[in-house]
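[1] have a look at this fold, sequence not included:
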């Protein structure tokens, strides 16, 4: 049976680049299921955290072919997918594109589900987007920051 999953994501960085983090809220339609995830990084960018939040959430889905609605305040991520830019970048081997390591990782999981992106305005009293923002910022300011090796190895 296909699951319908709503995912809210947000990424942040304090300085760009700087310490960063992501926040995720996952809900399964028709079930009393809600999970939150976050992680902080020592040095990264806002766009990397926005994209990594989406990737991490998708990687946590155990049932393949789920119907997934992703709500993000990142035009970078939502437009890249919904407007098809990322698929053109892939055809050109991501030449001169930032975050290619993450986009490749995203594309490796993208076809495992039926995914639709929804852009939401940030800081506009959307309960779950606001929660993700808090999770991301708290993670970026946390004491358990890890390396964003994809960012470090590119710079």
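    Done, it's in. A quick note: this is a predicted structure, and the numbers were derived from the prediction, not measured.
[2] contacts for stretch 39-53 next, please.
    For stretch 39-53, the external contacting residues (CB atoms under 8 Å, 6 or more residues apart in numbering) are 9-13, 16-24, 56, 72, 74, 76-77, 98-99, 102-103, 106, 132, 136, 139-142, 144-148, 150-152. (Glycine included, C-beta is placed from N, CA and C.)
[3] average pLDDT across that stretch?
    Taken as a whole, stretch 39-53 carries a mean pLDDT of 98.
[4] buried set for it?
    Using 16 or more other CB atoms under 10 Å as the test for burial, stretch 39-53 gives 39-41, 43-53.
[5] and if you look at stretch 5-20?
    Buried residues in stretch 5-20, counting neighbours by 16+ other CB under 10 Å, are found at 5-13, 17, 19-20.
[6] which of the residues you listed fall in helices?
    Among the buried residues of stretch 5-20, DSSP state H puts none in helices.
[7] rebuild the residues you listed as a markdown table, extending it with pLDDT.
    Putting the buried residues of stretch 5-20 into a markdown table (pLDDT from 0 to 100) gives the following:
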| residue | pLDDT |
| --- | --- |
| 5 | 97 |
| 6 | 97 |
| 7 | 98 |
| 8 | 98 |
| 9 | 98 |
| 10 | 97 |
| 11 | 97 |
| 12 | 96 |
| 13 | 96 |
| 17 | 95 |
| 19 | 98 |
| 20 | 98 |
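[8] farthest pair in these?
    For the buried residues of stretch 5-20, the maximum inter-member distance is 31.1 Å, found between 5 and 17 (CB to CB).
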